[in-house]
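# output the structure for:
(2 chains)
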2 protein chains.
Amino acid sequence: MIKINENFLKLKSSYLFADIAKRIEKFQNDNPDKEIIKLGIGDVTLPLPPACVKAMHEAVDEMAISGSFKGYGPEQGYAFLREAIAREDFQSRGASIEPDEIFISDGAKCDTGNIQEIFDSKTVIAVPDPVYPVYVDTNVMAGRTGEFQDGRYQGLVYLESTRENNFIPKLPEKPVDLIYLCYPNNPTGATITKDQLTQWVKFAKDNKALILYDAAYEAFVRDSEIPRSIYEIEGAKEVAIEFRSFSKTAGFTGTRCAFTVVPKECRAYDSQGKEVHVHSLWNRRHSTKFNGVSYPVQKAAFAVYSPEGKTQVQSNIDYYLGNARIIREKMHDLGFDCTGGENSPYIWINGKKDSWSFFDDLLNKAGIICTPGEGFGLCGKGYIRISAFNNLENVERAMDRIEKAL
Amino acid sequence: MIKINENFLKLKSSYLFADIAKRIEKFQNDNPDKEIIKLGIGDVTLPLPPACVKAMHEAVDEMAISGSFKGYGPEQGYAFLREAIAREDFQSRGASIEPDEIFISDGAKCDTGNIQEIFDSKTVIAVPDPVYPVYVDTNVMAGRTGEFQDGRYQGLVYLESTRENNFIPKLPEKPVDLIYLCYPNNPTGATITKDQLTQWVKFAKDNKALILYDAAYEAFVRDSEIPRSIYEIEGAKEVAIEFRSFSKTAGFTGTRCAFTVVPKECRAYDSQGKEVHVHSLWNRRHSTKFNGVSYPVQKAAFAVYSPEGKTQVQSNIDYYLGNARIIREKMHDLGFDCTGGENSPYIWINGKKDSWSFFDDLLNKAGIICTPGEGFGLCGKGYIRISAFNNLENVERAMDRIEKAL
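Coordinates of the predicted model:
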């Protein structure tokens, strides 16, 4: 008899976005003339940079002709892209990452979701709270948690990110095996300093733990003191895997390209306590279950590193950071405590009331959609996330409306 | 301490392609003037159909402009593509598959690799022999097998496909839970009749088992009596998941688009023996760990169903089938027993000696590369696979060389 993986039954259905959609629908039915401005979703709005568009067209033309047509590419990605990433994103910042330590994929969601497969089923997992749900749900599916009770899965260690600790959680009090960290953070917009990150790397070394470092928003870091990669921290290559994406950097949310860095020094242990290289495990996983990213997409991603591409990407990020500043300053002026919005596209706002009440206020009084913080975990209660991914005009109109309404 | 998933250590390294590469390198060093013709790899050679190229260019242009730019799409794929697939690939052939039963992905390798996650860790798995290695390796990684011994993983049920049973394995003698089938078959090129497939569907029903039906090569079926989908068999929707791909159909091996069909009737069971719908489990897995296929790629796939796209795809498949017929007829004339090459791009040839010896003969005497059958399993011993994916001129020259050499 074919039986299901019953861990799936533990998954708490996320009603967050369904709930949001329902409230929006009601508002629109009640107010058919009112225009809604969406500042909820973490999706980009600016079109693809022209350098990427040009490169993708050229690659599509290559696919149209016998001599230049590309069939299966390397599962790990084309050398041209891996080399550009190693050089531009890491070596240029003093992190000695080699091209063969970079695995091109179709999304950081896939990579952060799939990475847990190479670790033991009994691994003790530490996740931030608030958290990007993929880290949690994929470990629930793999049976590394108990049931969902009182807003949390039993067996997970939650790293509480609160105003009190400036949204950088304390080191765990007892040993954990695998630690998910995300900076600049989704959803809080908080960033981590080199000193703070050094403490985490030290913790991982001392406890033979491993850090999964999600740097999907690194392109928003403008402050040169803030690390953009965990490999800027000495010794991190032994204890950390890093996830990056072109989604937020270059507007690839609908084009799909990302990468994972697994340094050759990165180690885990077998049941006898013997060191094992994680690189070869991930390589095996990746090449067994994945067949490479679309060639025109890889060419488009490669164009991000061209001189024009760099300028265009920088300009898009500046645009979103300009929006973020406007949101942050206005909400601050209105007396709200805000995090993020500097070196991050997200502003995390203490609404001084229940998340959903604040959400309803913004929707009903101002026609603005945000994301209720409690959708990201218990520590999100009382917060909302506003995203800077929209056009400037909408952001300015949204802030005017909020000012008048609140 | 971070411990690895030790099931990965059970994986037998596949030396097949490394071994092939080593022998080719030696041959080229010894014979620097000799040109090699590759008939080994299952990768397409014809460029993308013009209709797909045009659609992809148009979609890239949409991504370049604010009004038409696409960010995150639906994880399950755009409705335009799911609707076209349901209508053209299934409903038009009498199989009542609905658009929301189709999950668009970036490859059948990913889908056939990931699907096992939604089933119990103790599932008893039946795999063909010879076999596409992904079915096996992904279950090894998930801990559903014992060690590798004498050419096979303990705990797996191997469905032997041999000349004696015309490469359609007998039904298992004892119950199994999950059955991988692939027709037209890789590597044997064998096809299955409706009557034979009906027997498998009946077996699955009688044993409360589930069939994973890999139809990646269905576009090569020209004989109207041969089923192109398992859903042409009555009752199959309850007991079968089907995998399809644009890779071999429309030359998408480097462009990346595929889909999986999970009918809403398809059922598995919980530990109490209660029926559970597989559709919702797969939907949850897919939307948690995957973020949709690149929009321009989905537009290119959609063009496969346009009138021009259909004609172009048909013509490409005809071309490869023409190559296949030449290979099959020549090898048959030379006295070899052949399967496939009709309704399939692969020709499975009994070399009347050890696979590697025959491989060496073809390489050293004719400069032709094939794939040794034993790379696909114990039942592949003594066989080689020749692929029709090359241009006609090369295929004709290859056959001339083989005729002269053998």
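
# OK, contacts around the most centrally placed residue in chain A?
Nearest to the mean C-alpha position of chain A, by Cα atoms, centre = their mean, lies A:A216 at 4.4 Å. Taking Cβ atoms under 8 Å, 6 or more residues apart in numbering or on different chains, we find A:A216 in contact with A:108, A:182, A:186, A:243-245, A:247-248, A:258. For the C-beta atoms, the positions are set from N, CA and C on the backbone; glycine is no exception.

# nearest to A:L392 among these?
A:K248 (17.6 Å; Cβ to Cβ).

# kindly tell me how buried that closest one is, as a neighbour count.
25 (other Cβ atoms under 10 Å in any protein chain shown).

# same thing with the one 4 residues further on?
Here the neighbour count serves as a burial measure; for A:F252 (other Cβ under 10 Å) it reads 26.

# how near is the closest residue to it other than its chain neighbours to A:R23?
Closest residue in space to A:F252, ignoring its immediate chain neighbours: A:F246 at 3.9 Å, by Cβ to Cβ, 6 or more residues apart in numbering or on different chains. For A:F246, the distance to A:R23 (Cβ to Cβ, to the nearest Å) stands at 32 Å.

# make sure I have this right: the residue nearest to the centre of chain A is in a strand.
No. A:A216: not assigned to a strand; according to DSSP: H, G, I helix; E, B strand; the rest coil it is coil.

# for it, which non-adjacent residue is closest in space?
Once flanking residues are discounted, A:A216 sits nearest to A:S245: 4.5 Å by Cβ to Cβ, 6+ apart.

# equivalent analysis for A:S96, please.
Counting by Cβ to Cβ, 6+ apart, the residue nearest A:S96 is A:F90, at 7.4 Å.

# quick one: contacts for that neighbour?
A:96-97, A:229, A:231, A:261.

# inside helices: which ones of the residues you listed?
Among the contacts of A:F90, no member falls in helices (DSSP state H).

# dump the residue contacts of A:I386.
A:39-40, A:327, A:331, A:346-347, A:349, A:370-371.

# hey, where'd the helices end up in the stretch 51-200 of chain A?
With DSSP state H, counting those that start in this stretch, the ranges of helices along the stretch 51-200 of chain A come out as A:79-85, A:108-114, A:133-141, A:194-206.

# name the helices or strands packed onto the last one?
Pointing back at helix A:194-206 there. Contact here means 3 or more Cβ pairs under 8 Å, 6 or more residues apart in numbering or on different chains; DSSP states H and E; on that basis helix A:194-206 packs against strand A:178-182, strand A:210-214, helix A:236-239.

# next SSE downstream of the last one?
Which is helix A:236-239. Per DSSP states H and E, the first helix or strand lying C-terminal to helix A:236-239 is strand A:240-245.

# and the contacts of the helix or strand that that next one is followed by?
Following strand A:240-245 in sequence order, the next helix or strand is helix A:247-250 (DSSP H and E). With Cβ under 8 Å, 6+ apart as the test, helix A:247-250 has contacts from A:42, A:44, A:48-49, A:52, A:107-108, A:216-220, A:253, A:256, A:258, A:301, A:304, A:309, A:313, A:316-317, A:345.

# and if we set it to 10 Å?
If you take Cβ atoms under 10 Å, 6 or more residues apart in numbering or on different chains as the criterion, helix A:247-250 is touched by A:42-44, A:46, A:48-49, A:51-52, A:89, A:107-109, A:184, A:186, A:216-220, A:253-258, A:300-301, A:303-304, A:309, A:312-313, A:316-317, A:320, A:345, A:389, B:71-72, B:291.

# returning to that earlier point: per-residue confidence at the residue nearest to A:A216?
The confidence metric pLDDT takes the value 98 at A:S245.

# thanks a lot, catch you later.
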